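Engineer: show me how the following folds:
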Amino acid sequence: MTHELTILTLAALLQVVQFALYSVAAQRQVGSKAAMGPRDRMVELTGTAGRLQRAMNNHFEGLILFTIAVVVVTTGDQSSTLTQSCATLYLIARVLYIPAYVWGLAPWRSVIWSVGLLATVVMLIAALV
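Structural biologist: Residues are numbered from 1 along each chain as shown. I've put the predicted structure just below:
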């Protein structure tokens, strides 16, 4: 398995961790009955639960582009020190993004997000050249 695929696997597992964190916080906020109910009415989460939900959703969005970058690099046999470093940087940024979002660390949350996006874009460009 390439380094990029290993990082993609770890990023997917990070998504599972984020889902678990969000689920626990959401259930604490709305209670078990609402959490296990049919969710006919949308419940807006606030505070930590809401921030964990938004951070998780943001990771879903970033993970789509990162997955494309990893697939392109791997299937195109374009893995390099640069793409491996970018993949690692992406994962580090995604891990740091969670507490930055939950704790409201402005502007660091946006800076960390930008680092992850830039790492993904560099991987895509590196696959083309």
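Engineer: can you list the weak-confidence ranges in this protein?
Structural biologist: 33-37, 39-40 (pLDDT under 70).
Engineer: gap between residue 56 and residue 125?
Structural biologist: 28 Å (CB to CB, to the nearest Å). C-betas here are computed from N, CA, C, even on glycine.
Engineer: which of those two has more neighbours?
Structural biologist: Using other CB atoms under 10 Å, the more surrounded residue of residue 56 and residue 125 is residue 56, with 20 against 13.
Engineer: could I get the buried residue list for the helix or strand where the more buried one lies?
Structural biologist: In the assignment (DSSP states H and E), residue 56 maps to helix 47-75. Neighbour-count burial for helix 47-75, counted by 16 or more other CB atoms under 10 Å, picks out 48-53, 55-56, 58-59, 62-63, 65-66, 69-70, 72-74.
Engineer: would you mind pulling up the elements that the very next helix or strand once past that helix packs against?
Structural biologist: In the C-terminal direction, the helix or strand that comes right after helix 47-75 (DSSP H and E) is helix 81-102. Secondary-structure packing of helix 81-102 (3 or more CB pairs under 8 Å, 6 or more residues apart in numbering; DSSP states H and E): helix 3-30, helix 47-75, helix 108-128.
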